[in-house]
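Undergrad: Got a predicted structure plus its sequence, pasted below:
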Amino acid sequence: MRALIIGGVAGGATAAARLRRLDEHAEIIIFERGEHISFANCGLPYYVGDIITDKQSLLLQSPEGFGRRFNIDVRVLSEVISIDRENKTVTVKDTKTKNTYTESYDKLIISTGAEPIRPAIKGIDTDGIFTLRNVSDTLEIKNFIQNKKPTSAVVVGGGYIGVEMAENLALAGLKVSLIELSDHLIAPLDFEMAVHVHDYIESKGIKLYLNSGVREISENGGKFTVSLDDTKIDCDMVILSVGVSPDTKLARDCGLKVNERGAIIVNPNMLTSDQNIYAVGDAVEAVDFVTRRPAYVPLAGPANKQGRIAADNICGIASSYTGTQGSSILKLFDMTIAKTGINEAFAKLCEFDYDKVYLYSNSHADYYPGATTMVIKVIFEKPTGKILGAQLIGFDGVDKRCDVLATVIRLGGTAHDLTQLELCYAPPFGSAKDPVNMAGYVIENILTNKVKNFHWHDIEKLPKDGSVTLLDTRTRFEYNKGHIEGFINIPLDELRDRINELDKSKPVYVHCLSGYRSYIACRILEGHGFETYNLSGGYRLYHTVMKHKNR
C-alpha cells in the first residue's frame, strides 16, 4: 500500500505514525510545505513571551528523526498544489527549487489545517502586521520584538490565540491593547462568564476595546495607527487574530464535497466523498457531540484523534469519530479559563429545554492556606438533568474540574451522576464535597423542586409594584456596601425571628452573595408556606455583569 499525507502537523503526523505501527511494509510519504513537522502549535504564543525559551522544544519531532524512527519519507518545503482523483496522483512543488513532480497513491490523507483569516481592512498587508500560524510566524514576531524593540502592540481579535498573544506580549514588556468586535472575549464563553476575564485582564494593564471593529491600519515611519469606529490607537506592531478558516483549496479544486464554510465533509471514519481520500483536523467538518449537528471546532485534541481513526480505517480496522465536544482551556497570566460542551447561546439556538446554575466554589478546603475561588456555570437539560456544557474560571483546580465535567458529558451523565462521583480529597487539593459534586447537588435540588432559580437577567423584569417580595439575606454590612434596588434586607440569621414581616401571599425572590445563604433562606421560607425563588450566582454575579453591561 502507498499512502500519501498532505500536511505534517497534528493530524497528519499522528496518522503517519499510526499507519506505520499498523503496517510495517506500507510506503508512507508526508508532504509539508513548511520546514517543520509535528510542532507544538499551541505553544507558539509562549515562545513570544519567553515562557518557553528554547525554540527547539517546540519542535516535537524533526523531519529527519521522525522519518528515521517510523521509516517514513518526510518531505518538508514540499507543497502539494493539485490532486488528480481520477489517476490517483498529486502534483508537488519543491518550494526551494520551484520544480514540480507527481506521486501516485493508493490512499491519501488531507491534513492541511486552517489558515488565519485576514479581513478586508485597509493597510492590512503592511510589514509589521503579523498573524500566528506556525513556527516561522513565531520567529518573525520574536525577531521583530528583539530587533525593533517595540514598546506597544495592538492585538486584533479576542479569541484564544488573541488573548494568549496579548498576555505574552505584555510579559515581553509591551503595552498591549486588545480589540474585539463582539461584546466579550473568548467566543465559546457566555457573556456573564467572560466579564470575569475582562476584569482580570484589565487588572494586568491590558486595554480592552470591546464592540469595536478595525476600519483601517496606517503606517508612518515604522509606527502604526489602528483606526476603530470611534477612536484611534497608536502602536509599534499589530497582531491579527480574528479567527481561522479551513485551508481546503486543494480539496475544493479536486471536487471533494465541502460545506458552506469550506470545511471538508467526512463520514465518521474520516472518509471524504472520494473512497480513497481521507481528511482530518482543522480542515474538516465535525459533528458536535452534544447537539449532533455539523460543527467546525479547530482543536489539537480532535485533530490527533481523527488522524489515528483515518489510519485505522485505511488498515482495515473499524474506527469512528464520535464527535467534538469543544473541551478547551486557556491560561491568562495566573487565571485559568476552561469550557466543555455547549454554551448557553448554542443551547438556545438548538432549542434545548435547559436551565443553568452558577457556583462560586473554593479550589480546595478553605481552612487550608492558598484556597482561591472559581466561578462555575453548568448548563443542563430539563427534566433529565443531563449535563450539556460547563464553563469554569479561576486560579487553581479549574482544569481538573472541567475534565471531570467533560468526562461526564462524554458518558451522557446527569446531575445525579455528579453527586455520586467519588473524587480525590485532601485539604490541599479539594473539599469533601467537591465543586463538581456541589454543582450536581444544586441542579438536583432544582430538578426535585426543592428550590426554584431565577437569574441575573431576570431581575430587571421583576415587578416593582409590591406584588412580589424582593429579599436580600446578606449581612447589613454587605447590604450597605451595595445592593440591588428594591430588595429589602433581612440577614439570614435573623430570618426565622422576622418571618412575620413578610407577606405569605407574595412570591419571594431571594439573593445573597453567591446563592448559598439564599438557598437556606428559601428552604426556611418554603417550610413556612412561602413560594420562593433563589438568585443563582447571587449578588456577586449580578454586580459583576451589570458593571460591564453598563460600561
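TA: Received, thanks. Numbering: from 1, shown residues only.
Undergrad: end-to-end on stretch 322-338?
TA: This stretch, stretch 322-338, spans 22 Å end to end (C-alpha to C-alpha, to the nearest Å).
Undergrad: Report the buried residues of it.
TA: The neighbour-count check on stretch 322-338 (16 or more other C-beta atoms under 10 Å) flags 323, 324, 325, 326, 327, 328, 330, 332, 335, 336, 337, 338 as buried. For the C-beta atoms, the positions are set from N, CA and C on the backbone; glycine is no exception.
Undergrad: what's the farthest-apart pair in those residues?
TA: Spanning the widest gap among the buried residues of stretch 322-338 are 323 and 335, at 28.8 Å by C-beta to C-beta.
Undergrad: so after the helix or strand containing residue 196, what's the next helix or strand?
TA: Using DSSP states H and E, residue 196 maps to helix 191-203. The helix or strand immediately downstream of helix 191-203 is strand 207-209, counting by DSSP H and E.
Undergrad: Report all helices and strands that that next one contacts.
TA: Contacts defined by 3 or more C-beta pairs under 8 Å, 6 or more residues apart in numbering; DSSP states H and E place strand 207-209 against strand 175-179, helix 191-203.
Undergrad: Model confidence for the residue lying closest to residue 547 once chain neighbours are set aside, exactly?
TA: Of all residues not flanking residue 547 in the chain, residue 195 sits nearest, at 7.5 Å (C-beta to C-beta, 6 or more residues apart in numbering). On pLDDT, residue 195 comes in at 97.
Undergrad: give the contact list for residue 195.
TA: Contact analysis of residue 195 by C-beta atoms under 8 Å, 6 or more residues apart in numbering lists 184, 544, 545, 547, 548.
Undergrad: Residue 503 versus that one, what's the distance?
TA: Distance of residue 195 to residue 503, given as C-beta to C-beta, to the nearest Å: 35 Å.
Undergrad: pretty sure residue 108 is in contact with residue 3, am I right?
TA: Yes - with contact defined as C-beta atoms under 8 Å, residue 108 counts as touching residue 3 (7.4 Å).
Undergrad: And for residue 225, the neighbour number?
TA: 15 (other C-beta atoms under 10 Å).
Undergrad: same thing with residue 251?
TA: Residues within reach of residue 251, counting by other C-beta under 10 Å, total 27.
Undergrad: give me the low-pLDDT residue ranges for the stretch 451-551 of the chain?
TA: The stretch 451-551 of the chain contains residues with pLDDT under 70 at 551.
Undergrad: Same check on the stretch 51-200 of the chain?
TA: Checking the stretch 51-200 of the chain against pLDDT under 70 turns up 53-60, 135.
Undergrad: and if we set it to 90?
TA: Scanning the stretch 51-200 of the chain for pLDDT under 90 picks out 51-69, 115-148, 172.
Undergrad: where do the strands sit along it?
TA: 59-61, 73-76, 78-84, 89-94, 100-104, 107-110, 114-116, 129-131, 152-156, 175-179 (DSSP state E, counting those that start in this stretch).
Undergrad: Quick check: neighbours of the second one in the sheet, parallel or antiparallel?
TA: Meaning strand 73-76. Strand pairing for strand 73-76, using DSSP bridges, gives strand 27-32 (parallel).
Undergrad: Now do the partner strand, average pLDDT.
TA: Here the average pLDDT along strand 27-32 is 96.
Undergrad: Okay, buried residues for that strand please.
TA: Neighbour-count burial for strand 27-32 flags 28, 29, 30, 31, 32 (criterion: 16+ other C-beta under 10 Å).
Undergrad: Kindly state the beta-bridge partners for the closest residue to the fourth one other than its chain neighbours.
TA: By the measure of C-beta to C-beta, 6+ apart, the closest residue to residue 31 outside its immediate chain neighbours is residue 78, 4.6 Å from it. Following DSSP bridges, residue 78 is listed with bridge partners residue 94.
Undergrad: Would you confirm that residue 78 contacts residue 92?
TA: Yes - the pair residue 78 / residue 92 is scored as a contact, 5.3 Å apart, by C-beta under 8 Å.
Undergrad: which neighbours do these two share?
TA: Each of residue 31 lies in contact with both residue 78 and residue 92 under the rule C-beta under 8 Å, 6+ apart.
Undergrad: Give the full set of residues in contact with residue 238.
TA: 128, 129, 130, 153, 154, 155, 156, 217, 224, 226.
Undergrad: And the last one, how close does it get to residue 171?
TA: Per C-beta to C-beta, residue 226 is found 21 Å from residue 171.
Undergrad: Let me know the secondary structure of residue 438.
TA: Under the three-state scheme (DSSP: H, G, I helix; E, B strand; the rest coil), residue 438 adopts helix.
Undergrad: That one - how many residues pack around it?
TA: Using other C-beta under 10 Å, residue 438 has 18 other residues around it.
Undergrad: if I read this right, it contacts residue 357, doesn't it?
TA: No - using C-beta under 8 Å as the test, residue 438 is too far from residue 357 to be in contact (9.5 Å).
Undergrad: sorry, back to before: any chance of the strands of the stretch 51-200 of the chain in JSON lines with mean neighbour count and distance to residue 21 as columns?
TA: Compiled in JSON lines, those are given as follows (neighbours: other C-beta atoms under 10 Å; distance: least, C-beta to C-beta, whole Å):
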{"stretch": "strand 59-61", "mean neighbour count": "17", "distance to residue 21": "15"}
{"stretch": "strand 73-76", "mean neighbour count": "19", "distance to residue 21": "16"}
{"stretch": "strand 78-84", "mean neighbour count": "18", "distance to residue 21": "24"}
{"stretch": "strand 89-94", "mean neighbour count": "18", "distance to residue 21": "24"}
{"stretch": "strand 100-104", "mean neighbour count": "13", "distance to residue 21": "23"}
{"stretch": "strand 107-110", "mean neighbour count": "27", "distance to residue 21": "15"}
{"stretch": "strand 114-116", "mean neighbour count": "18", "distance to residue 21": "27"}
{"stretch": "strand 129-131", "mean neighbour count": "21", "distance to residue 21": "35"}
{"stretch": "strand 152-156", "mean neighbour count": "26", "distance to residue 21": "41"}
{"stretch": "strand 175-179", "mean neighbour count": "23", "distance to residue 21": "43"}
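Undergrad: can you redo those as JSON lines with distance to residue 533?
TA: Formatted as JSON lines, the strands of the stretch 51-200 of the chain follow (distance: least, C-beta to C-beta, whole Å):
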{"stretch": "strand 59-61", "distance to residue 533": "53"}
{"stretch": "strand 73-76", "distance to residue 533": "62"}
{"stretch": "strand 78-84", "distance to residue 533": "60"}
{"stretch": "strand 89-94", "distance to residue 533": "63"}
{"stretch": "strand 100-104", "distance to residue 533": "67"}
{"stretch": "strand 107-110", "distance to residue 533": "53"}
{"stretch": "strand 114-116", "distance to residue 533": "45"}
{"stretch": "strand 129-131", "distance to residue 533": "48"}
{"stretch": "strand 152-156", "distance to residue 533": "42"}
{"stretch": "strand 175-179", "distance to residue 533": "38"}
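Undergrad: how long is stretch 320-340 from one end to the other?
TA: From its first residue to its last, stretch 320-340 covers 21 Å (C-alpha to C-alpha).
Undergrad: Alpha carbons of the helix holding residue 196, as CSV, please.
TA: Provided in CSV are the C-alpha atoms of helix 191-203 (Å, rounded to 0.1, in the frame of the first residue of the first chain):
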residue,chain,number,x,y,z
PHE,A,191,-21.1,37.0,28.3
GLU,A,192,-21.7,36.8,32.1
MET,A,193,-18.7,34.4,32.4
ALA,A,194,-16.4,36.4,30.1
VAL,A,195,-16.8,39.5,32.3
HIS,A,196,-14.7,37.9,34.9
VAL,A,197,-12.0,37.6,32.3
HIS,A,198,-12.4,41.2,31.4
ASP,A,199,-11.9,42.4,35.0
TYR,A,200,-8.8,40.3,35.3
ILE,A,201,-7.1,41.1,32.0
GLU,A,202,-7.6,44.8,32.6
SER,A,203,-6.1,44.5,36.1
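Undergrad: quick check: angle from it to strand 175-179?
TA: Inter-element angle recorded for helix 191-203 and strand 175-179: 160 degrees (by axes from the mean of the first three to the mean of the last three C-alpha atoms, to 10 degrees).
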